[in-house]
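> sequence plus predicted model, see below.
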Amino acid sequence: MMNVLVTGADGQLSNCLEDLSGAYPDINFTYKTIDQLDITDRDQIKKAFDESPYNYCINCAAYTAVDKAETDSQTAMEVNVLGASYLAEACRSYSTTLIHISTDFIFDGKKSEPYLESDKPNPLGVYGESKYQGELRIQEILDQFYIIRTSWLYSEHGNNFMKTMLRLAAEREELNVVNDQHGTPTYARDLARAIVTIIQNTNKEYGIYHYSNEGETTWFEFTESIFKQSNIDIRLNPIPTSEYPTPAKRPSYSVLDLGKIKRVFPKIEIKNWKDSLTEALINYNMNTLQQTAVTAAIRAGKAIMEVYDSEFAIEYKDDKSPLTLADKNANSIINDHLRPTDVPIISEENKQVDYDIRKGWTSCWVVDPVDGTKEFIKRNGEFTVNIAMVKDGQPQFGVIYVPASRVLYFGDSEKKQAFRVELNDHTPDLEYILSHKENLRPKDKDNVTQVVGSRSHMNDETLQFINKLESGGESVEIVSKGSSLKFCLVAEGKADIYPRFAPTMEWDTAAGQAICNAVGVEVINRETNGPLLYNKENLLNPWFLVKK
């Protein structure tokens, strides 16, 4: 087991390390916030190293307020120089390898080609100078170190450029962004992966390395991509640096040469910044509520399968619908995950809240802990966990988990993104989910119209609908599925249309509707020809039709 200390916990890089740590069971990460370990306090550092032997120390602690550093140079120097030197001393005493994060700001930006590790630093401001001096102190004190210079770091965590632009876009109709500073945005999760690869590498070539994503852009072009991928319509104006003066001067060109790290560590995957931005935006959207829903669904699925693989009793509710221990256990787990979000919950297995209270909810969770209990009892595997976030009567995002096959579907109807991923086990590993997801795409029209029919609810009205299609000259094929999997079949292109002319409740459909809407598939109320609405006074759905 490799023991790794991470300083500066709660920052964006340390949070990204924590997000992916589940994929590396042979590495034991210990995270220390500034309250737990102030790197400017030599005694605290000694105590931390005395408590546990560490093979590596990843120093994510830094003073990064670039403009504020111009008037608060003492603090910047204490953290970035003194703190770095104290950590280097401790690493030397305990034979620990230090991985220290530095910055492109140590260069003046006067080059017109990517900076090499051997290029002479010439910082333009206090922040860059403090980081450069920290590098020098580490090299004076320690032999076992990796100094990793990176650029334009952003992620779904903490404060960074991507999140600032998304926030400003929600507040304003127009934005001015600098278009004459050139560099490379670096997704912190990619940097975290690179760091883990270095730790796992048996070839210990210590020294200074440059790491960023591939490619070159400007802040304006970066913002354009953020908004385009987020479907944000806003007037964006390119401006020169001279029109946006800041206390600290920025390098006009700070692209880093990646040749050395590619050569020494060939297993490190370096993505183009545009591809990484796509992943970051998905992760940003999932980071809070959606990630909570994904985690809740998968963990509920695990509990469901524990009952599924055993002998279980069947109860019947007042409406004659079946109930098992799986429904109860899954509902308890989901409630435990969703309650801390402070968003009210509508669940099939919860006591329903009076409409006089519910009608004031602008947002709510809509949950079916086990959708397809009849399929569960039949042990055919076609049952799901459904969790949806509803805002103003419409499903915003949905999660459908199929415990028997460990298949996860999730989609955001506002971002127009929906995915499918097959899990190895019932583990909500976001790193694995994001790296193995597949885009959902509805079916293009062909010679055969595939109609989804329920295994348990194929009635006369549905048969009449199918007969009408056939009498109109269409060749019809019936695709039979249980539970909310019927929505998924249409969303992923395995069927054309799903008519539901039988009773359903809101928790049966909300997650499926969100996933379908995310890929351009409509869920149409047969009475109004509009979408199904949620958090109604009567939670019973009208008949509906799912089609592209």
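Happy to help now that I have it.

> okay, which residue is most central for this structure?
Nearest residue to the geometric centre of the chain (Cα atoms, centre = their mean): N283, 2.1 Å.

> could you check how far it is from A188?
Counting by Cβ to Cβ, to the nearest Å, the separation of N283 from A188 is 10 Å. C-betas here are computed from N, CA, C, even on glycine.

> now do the shared contacts for the two.
Common contacts of N283 and A188 (Cβ atoms under 8 Å, 6 or more residues apart in numbering): S155.

> excluding chain neighbours, what is closest to the residue nearest to the centre of the chain?
The shortest distance from N283 to any non-neighbouring residue, by Cβ to Cβ, 6 or more residues apart in numbering, is to E156 (4.7 Å).

> burial of that neighbour, as a residue count?
25 (other Cβ atoms under 10 Å).

> check contacts around it.
Contact analysis of E156 by Cβ under 8 Å, 6+ apart lists 163, 280, 283-284, 287.

> now E461
Contact analysis of E461 by Cβ under 8 Å, 6+ apart lists 501-502, 543.

> with L423 instead?
298, 406-408, 429, 432-433 are the contacts of L423 under Cβ under 8 Å, 6+ apart.

> lowest-confidence entry in the contacts of E461?
The lowest pLDDT within these belongs to A502, with 89.

> what's that one sitting at in phi/psi?
In terms of degrees, to the nearest 10, the main-chain angles of A502 are phi -160, psi 160.

> and it, how many neighbours?
As a burial measure, A502 scores 14 neighbours (other Cβ under 10 Å).

> what about L540, how many residues close to it?
L540: 9 neighbours (other Cβ under 10 Å).

> got it, and I268?
Neighbours around I268, by other Cβ under 10 Å: 19.

> quick one, what contacts it?
I268 touches 193-194, 197-198, 211, 261-262, counting by Cβ under 8 Å, 6+ apart.

> part of a helix, is it?
No: going by DSSP: H, G, I helix; E, B strand; the rest coil, the assignment for I268 is coil, not a helix.

> restricting to C-alpha, output the helix or strand I198 falls within in CSV.
For I198, the host element (DSSP states H and E) is helix 188-200. Output of helix 188-200 as CSV, limited to C-alpha atoms (Å, rounded to 0.1, in the frame of the first residue of the first chain):
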residue,chain,number,x,y,z
ALA,A,188,-7.5,19.6,-12.9
ARG,A,189,-8.8,16.1,-13.1
ASP,A,190,-6.4,15.4,-16.0
LEU,A,191,-3.5,16.7,-13.9
ALA,A,192,-4.6,14.5,-11.0
ARG,A,193,-4.5,11.5,-13.3
ALA,A,194,-1.1,12.5,-14.4
ILE,A,195,0.1,12.8,-10.8
VAL,A,196,-1.2,9.3,-10.0
THR,A,197,0.6,7.9,-13.1
ILE,A,198,3.8,9.4,-11.9
ILE,A,199,3.4,7.9,-8.4
GLN,A,200,2.8,4.5,-10.0
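
> packing partners for that helix?
Secondary-structure packing of helix 188-200 (3 or more Cβ pairs under 8 Å, 6 or more residues apart in numbering; DSSP states H and E): helix 12-20, strand 27-32, strand 97-103, strand 145-150, strand 153-154, helix 273-285.

> closest one to R358 among these?
Nearest to R358 among the helices and strands packed on helix 188-200 is helix 273-285 (26.0 Å), distances taken as Cβ to Cβ.

> tell me the angle the closest one makes with helix 188-200.
Angle, helix 273-285 to helix 188-200, by axes from the mean of the first three to the mean of the last three Cα atoms, to 10 degrees: 100 degrees.

> helix 273-285: how far from the chain's middle?
8 Å (Cα atoms, centre = their mean, to the nearest Å).

> and if you look at stretch 313-321?
With Cα atoms, centre = their mean, you get 38 Å for stretch 313-321.

> quick one: mean pLDDT for it?
The pLDDT scores in stretch 313-321 average 84.

> which residues sit against it?
So stretch 313-321 is contacted by 322-325, 373, 377 (Cβ under 8 Å, 6+ apart).

> show me those residues that map onto strands.
Using DSSP state E, 322-323 are the members of the contacts of stretch 313-321 that sit in strands.

> show me where the stretch 351-500 of the chain has strands.
363-371, 384-391, 394-402, 407-412, 417-422, 438-439, 448-454, 475-481, 497-500 (DSSP state E, counting those that start in this stretch).

> can you give me the strands in the stretch 201-350 of the chain?
Going by DSSP E, counting those that start in this stretch, the stretch 201-350 of the chain shows strands at 207-210, 217-218, 235-239, 315-316, 322-323, 345-347.

> what pairs with the first one, and is each one parallel or antiparallel?
Each strand paired with strand 207-210, and its direction, by DSSP bridges: strand 145-150 (parallel).

> so how far is the partner strand off the chain centroid?
Counting by Cα atoms, centre = their mean, strand 145-150 is centred 26 Å from the centre of its parent chain.

> let's see that strand as CSV, backbone CA atoms only.
Listed next in CSV are the C-alpha coordinates belonging to strand 145-150 (Å, rounded to 0.1, in the frame of the first residue of the first chain):
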residue,chain,number,x,y,z
PHE,A,145,11.0,15.8,-6.0
TYR,A,146,8.7,16.4,-9.0
ILE,A,147,7.9,20.0,-9.7
ILE,A,148,5.0,20.1,-12.1
ARG,A,149,4.3,23.4,-13.8
THR,A,150,0.8,23.8,-15.2
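
> ok and it relative to helix 12-20, angle-wise?
Taking the same axes, to 10 degrees, one finds strand 145-150 and helix 12-20 inclined to each other by 100 degrees.
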